[in-house]
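K.L.:
here are the coordinates; sequence isn't available:
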DNA sequence: CCGATTAGTAGCAAATTGCAACCAATTTGA
DNA sequence: TCAAATTGGTTGCAATTTGCTACTAATCGG
């Protein structure tokens, strides 16, 4: 695996750096499936439908960038891919992508998978609020460069 | 612009549908810049560094999918691209991508842009909590198919 | 009216992706 | 216990996507 020699699309922007790492057609779907229990090459391939050589590449890159790790499976001698802390920390990204899709990419009544908590209760729509309780959105925030 | 004939990567998963719409190398950076005030073709090109023909394609697709709209600029007769409600609603996605990047894609002390509110105060890290106050993460949630 | 800027298009080369076949090692099951 | 199936890839090639460098037509500013 090529050592990390990333030259960032936009080195000062955290959004751009994150997208350099996971902003392709497949990486976030691999992360999604890892969050939902996928561990093996074949299982990732089956769930995503990704081409096998591309999957090889993505698993390698995600591992090289510290989002996945390879370890020996408990039951025997096979290897498996598991999320690292950094990989698990993408949960808010996956959740917000999910909730946007539910709101804007499905017709009313069209069926789709949902995210539920331990009790099987559907996860509520998250509302972003700032320290003072005001909602966070494009009107109430802006980017300050290179703080 | 080809009429909408999307065949989804995974039609039942809202995450996958969202990524089908914005999960390429550039779309979310265009959205990011639109949120931060970019309106014109040239301005998007300058901020992202995207190739001009690809930018043409992405602006067209985002417009076709209802994330951007073209309207006549206030000051004259030129056209400009503005976010629709659906486009603005990607704010939580951009914010969570930003915060993940801040946590995992920068060395400690390395400078980067930050998001601030109206008072110039830095937006705090968002913490996802469920209805009962328990934190939402990969351990406390799971996907239920085709609810 | 002239030069600069805007908003693209066109052509082509390079890089990425996807498909299908192949392969070695491991696991399963009769 | 031995054959068949499964796993986890790799390889080669074709198709698609991307990026670069012109080029153009319309507009804007002075």
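P.N.:
It's in. What you see is a predicted model, and the numbers here were worked out from it, not measured in a lab. Numbering: from 1, shown residues only, chains lettered A, B, ... in the order given.

K.L.:
Chain A against DNA strand D: which residues are in contact?
P.N.:
Where proximity means C-beta under 7 Å from any atom of the strand, the interface of chain A facing DNA strand D comprises A:40, A:41, A:42, A:43, A:52, A:53, A:56, A:59, A:78, A:79, A:80. From N, CA and C alone the C-beta is placed, and that goes for glycine too.

K.L.:
what about 6 Å?
P.N.:
A:40, A:41, A:42, A:52, A:53, A:56, A:78 (C-beta under 6 Å from any atom of the strand).

K.L.:
Wait, residue A:9 touches residue A:20, no?
P.N.:
Yes: if you go by C-beta atoms under 8 Å, residue A:9 and residue A:20 touch, sitting 5.5 Å apart.

K.L.:
Go through the residues of chain A next to DNA strand D and give me the one with the most neighbours.
P.N.:
The most neighbours of any of those, using other C-beta atoms under 10 Å in any protein chain shown, belong to residue A:41, which has 16 neighbours.

K.L.:
Go ahead and confirm that residue touches residue A:58.
P.N.:
No: with contact defined as C-beta under 8 Å, residue A:41 does not count as touching residue A:58 (10.9 Å).

K.L.:
any idea where the helices of chain A begin and end?
P.N.:
A:14-22, A:27-35, A:41-48, A:52-64, A:85-88, A:91-104 (DSSP state H).

K.L.:
Dump these to a markdown table, plus mean pLDDT and distance to residue B:65.
P.N.:
Below are the helices of chain A laid out as a markdown table (pLDDT from 0 to 100; distance: least, C-beta to C-beta, whole Å):
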| stretch | mean pLDDT | distance to residue B:65 |
| --- | --- | --- |
| helix A:14-22 | 98 | 18 |
| helix A:27-35 | 98 | 18 |
| helix A:41-48 | 98 | 22 |
| helix A:52-64 | 98 | 24 |
| helix A:85-88 | 98 | 29 |
| helix A:91-104 | 98 | 9 |
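
K.L.:
how about these in JSON lines, adding distance to DNA strand C?
P.N.:
Putting the helices of chain A into JSON lines (distance: least, C-beta to the nearest atom of the strand, whole Å) gives the following:
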{"stretch": "helix A:14-22", "distance to DNA strand C": "12"}
{"stretch": "helix A:27-35", "distance to DNA strand C": "9"}
{"stretch": "helix A:41-48", "distance to DNA strand C": "9"}
{"stretch": "helix A:52-64", "distance to DNA strand C": "4"}
{"stretch": "helix A:85-88", "distance to DNA strand C": "19"}
{"stretch": "helix A:91-104", "distance to DNA strand C": "18"}
